[in-house]
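Got a predicted model here, sequence first, then my questions.
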Amino acid sequence: MSRTTTSCLSLLALLSTTPYYSSTLAFSARSPLPAAAAAANNLVTVNQSTAKMTSSTSRRQYFDIPKQETGIHHLQQKYGPKSDGTGIKIAIMDTGCDLSAAGLSGTCSDGVTPKYIDFVDCTGDGDVDMSSATVVKFDYEKNGTTVEGLSGRNITVGEWAKNVSEFKLGAVRLYELLPRSVARRVKRERKEVFMVKHMALLSKTQLQLDDLNNNNTNGGGEESDDKDVVDKKKKELKLLLEQLTSIKESYDEDSGPLMDILMFQDNDDGGVWKTVIDIGTTGDLTKSIPMAPFRHARQVGELGFGSHVTFCVQVYDEGKTLSIVTDAGSHGTHVAGIAASYFPPKEGEDEGKKKKESSDDLNGVAPGAQILALKIGDGRLGSSETGTGLIRGLITAKKYGCDLVNLSYGEPSWQPDSGRVSEVFAKAFNDWGMTVFTSAGNDGPALSSLGSPGSLTSVVTVGAYVSPEMAVEQYSTLPPSSDSPLQGSSYYFSSRGPTPDGFLPDVCGPGGAVAPVPRASLQGKAQYHGTSMSSPNVCGVAACVLSAVRQSGVKDCGPNELKRALKNTAVINGVADPFSQGS
């Protein structure tokens, strides 16, 4: 039967009268939305089997991140504003997140709780080995303010180094930290700047040679009686011209700026390891602020040379490993934005109608939830994941006490529920109390195209659905007439079941959204579609459900109960396609 996650409200409606104590509890089907409630929300009642739309003049409000398809606003209307994921921790296992992206750089919807719990690189992509680093004894008063870095530059430190007794020296190239798309852009921009200067020098050299050939003058334009001097000058200019031309023709790309690293242990701050990076490669660190691990001081830096890539640092093994954490692409930020971005009301606006109009259409599904950003996409592998990265990510999510995990990653499946990674996923779901949501994959419409980890039994596998509203607003589909209404359906690319052992996707959700992307992409938000977008939408729904459940006094809603509740209360929506929409 075709399933979507539009029925989460009925779960909470049932929980308001029925104690939620065991996994044997039966869940009711979703009740039709009362007309009065629809009017109060400025919405129109939608037929669940055909999803008819009204004309554009009376069409219900559309949100950048689809929410009406899942009924989240009705849940929050009944259970209050704190049923927006408040108190729920979501681990986003992806390419990493931009810590300064719009809607993700501030707080949760309560205005107090930080949106990000932490940002951890589970791949080792940004690791700098400091175990054998050069250690330099330092005395600010006696030795002055200069230290020679590994790059050979003299580095001038500021007053922040007054109590530092020794530095560990390291270095890293800028391009090793940048996402591939950003690295390509920075390389292109640097090449353009280089070529402008280079062509000017080449033109100047050619003009000097032309002056000598045409006017029999030296490089300064004055008459010369010594022919040998003129011939020598011509020879030098020709050689220089050949070399400059060769450089221009053979230019491939530069190796990138080499940034010095100074790391020290701050005994005035509890012995925390801190790092200063010469981002501008100028050697001037007088105004720099030492960075501690993100969770300690929530410090965020930005890499230079026009990259606009934000980073934080982590230190492991008692200072032997420095991790410079950046995102490996825009995917993770977009996914995090769908699940839990929060845009506070504009200055001067009240908490009522103006707040809803200014922010609610931009907010993620669960703006009250916190995010643990876990980078499992290795930039050295083109942001592909590894088994080691996945296992590290799940273990880190357990360490931080996450309730939900979203993994919008996948690959072809061979043997479901086998191997070390599968064992850890099962342990996370069954023993650690974390409900894992994962995308079904984008390899449809063929049957049995469901990928891994979507083919595992210990996750909630989410397919991609497009509603009539999404078709009109996101893809410019012509508004339907009353005679031929649009119907919702699965995206053609959404992977289908069954798996070799007979499983289908569990549910499906809105598979497209306009959500925040990293500032390094030079835009504030973007429209992406795929099962990567449907999974965080459903994960956000689950966060809202959990927050409402806990407010109702139910504390033991575990992964198995939550998964069964979502599946049992889902409803047929649009064109029936059980192989893609759910079992």
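Perfect, thanks for sending it. These numbers were taken from a predicted model, which means no experiment stands behind them.

Show the contacting residues for K187.
175, 253-254, 256 (CB atoms under 8 Å, 6 or more residues apart in numbering). Bear in mind the C-beta positions are built from the backbone N, C-alpha and C, glycine included.

Helix or strand: which one has the nearest residue to I247 once chain neighbours are set aside?
Nearest non-adjacent residue to I247, counting by CB to CB, 6 or more residues apart in numbering: H198, 6.9 Å away. Using DSSP states H and E, the element containing H198 is helix 180-215.

Could you give me the buried positions within that helix?
182-183, 185-187, 190, 198, 202, 205, 208-209, 211-212 (16 or more other CB atoms under 10 Å).

That one - what's its average pLDDT?
When pLDDT is averaged over helix 180-215, the result is 91.

From the chain's centroid, how far away is that helix?
Relative to the centre of its chain, helix 180-215 is centred 37 Å away, using CA atoms, centre = their mean, to the nearest Å.

Give the next helix or strand downstream of it.
Per DSSP H and E, the first helix or strand lying C-terminal to helix 180-215 is helix 227-250.

R519: what's it in contact with?
98, 100-101, 308, 310.

dump the residue contacts of Y492.
Counting by CB under 8 Å, 6+ apart, Y492 touches 444-445.

what's the answer for V186, then?
Contacts of V186 by CB under 8 Å, 6+ apart are 174-175, 178, 305-307.

Test my guess that the residue nearest to I247 contacts S246.
No. Assessed by CB atoms under 8 Å, H198 is found out of contact with S246, at 11.4 Å.

Determine the three-state secondary structure at A526.
strand (DSSP: H, G, I helix; E, B strand; the rest coil).

Sketch out the low-pLDDT regions of the stretch 201-350 of the chain for me.
By pLDDT under 70, the low-scoring segments of the stretch 201-350 of the chain are 215-225, 347-350.

same check, this time on the stretch 451-583 of the chain
Across the stretch 451-583 of the chain (using pLDDT under 70), the flagged ranges come out as 583.

what are the ranges of the strands in it?
Here the stretch 451-583 of the chain has its strands, by DSSP state E, counting those that start in this stretch, at 460-466, 489-490, 507-510, 512-516, 525-529.

which other helices and strands contact the third one?
By that I understand strand 507-510. Contacts defined by 3 or more CB pairs under 8 Å, 6 or more residues apart in numbering; DSSP states H and E place strand 507-510 against strand 460-466, helix 531-551, helix 578-581.

In the stretch 51-200 of the chain, what residue spans correspond to strands?
Using DSSP E, counting those that start in this stretch, strands in the stretch 51-200 of the chain cover 89-94, 116-121, 127-129, 134-137, 146-148, 154-157, 166-173.

any chance of the buried residues of helix 180-215 in CSV, plus distance to V549?
CSV is the format used below for those (distance: CB to CB, whole Å):
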residue, distance to V549
V182, 41
A183, 44
R185, 45
V186, 47
K187, 50
R190, 53
H198, 64
L202, 70
T205, 75
Q208, 80
L209, 81
D211, 84
L212, 86
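
From those residues, pick the one nearest K82.
Comparing the buried residues of helix 180-215 against K82 with CB to CB picks out V182 as the nearest, at 37.8 Å.

now, which of the contacts of K187 sits nearest D577?
Among the contacts of K187, Y175 lies closest to D577 (CB to CB), at 44.6 Å.

is it true that G306 touches E189?
Yes. Under the criterion of CB under 8 Å, G306 makes contact with E189 at 5.9 Å.

ok, now which ones touch the closest residue to R496 other than its chain neighbours?
Closest residue in space to R496, ignoring its immediate chain neighbours: F579 at 4.1 Å, by CB to CB, 6+ apart. Neighbouring residues of F579 by CB under 8 Å, 6+ apart: 447, 496-498, 504.

ditto for D417
426, 455-458, 501.

That one: helix or strand, and which one exactly?
Using DSSP H and E, D417 maps to neither a helix nor a strand.

that older thread, from A570, how far off is the residue nearest to R496?
15 Å (CB to CB, to the nearest Å).

go on, K398?
As defined by CB to CB, K398 lies at a distance of 28 Å from A570.

Between the two, which has more neighbouring residues?
When K398 and A570 are compared for neighbours, A570 comes out ahead with 27 against 18, by other CB atoms under 10 Å.

so that one makes contact with P578?
No. Shown here, A570 and P578 do not form a contact pair, counting by CB under 8 Å, at 11.3 Å.

buried sites along stretch 526-536?
Buried residues in stretch 526-536 (16+ other CB under 10 Å): 526, 528-536.

May I have the distance across it, first residue to last?
One end of stretch 526-536 to the other measures 16 Å (CA to CA, to the nearest Å).

For the closest residue to T435 other than its chain neighbours, list the residues it contacts.
When the adjacent residues along the chain are set aside, T435 lies closest to P559, with 4.0 Å between them (CB to CB, 6+ apart). If you count contacts by CB under 8 Å, 6+ apart, P559 has them with 429-430, 433-436.

now those in TSV, with neighbour count?
Putting these into TSV (neighbours: other CB atoms under 10 Å) gives the following:
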residue	neighbour count
F429	23
N430	13
G433	15
M434	22
T435	27
V436	28
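
Out of these, which sit inside helices?
Among those, DSSP state H puts 429-430 in helices.

Reformat the contacts of P559 into CSV and put pLDDT and distance to P480 next to each item.
CSV is the format used below for the contacts of P559 (pLDDT from 0 to 100; distance: CB to CB, whole Å):
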residue, pLDDT, distance to P480
F429, 93, 41
N430, 93, 45
G433, 94, 44
M434, 96, 41
T435, 96, 36
V436, 96, 37
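
wait, which of the contacts of P559 is closest to D125?
Nearest to D125 among those, with distances taken as CB to CB, is V436, at 22.6 Å.

and the closest one, bridged to which residues?
V405 (DSSP bridges).

before we move on, back to that, nearest to F343, out of the strands of the stretch 51-200 of the chain?
strand 116-121 (15.5 Å).

helices or strands next to that closest one in the packing?
helix 294-297, strand 310-316, strand 321-325, strand 370-375.

Buried deepest among the ones you listed, which one?
With neighbours defined as mean count of other CB atoms under 10 Å, these peak in mean count at strand 370-375, which reaches a mean of 28.
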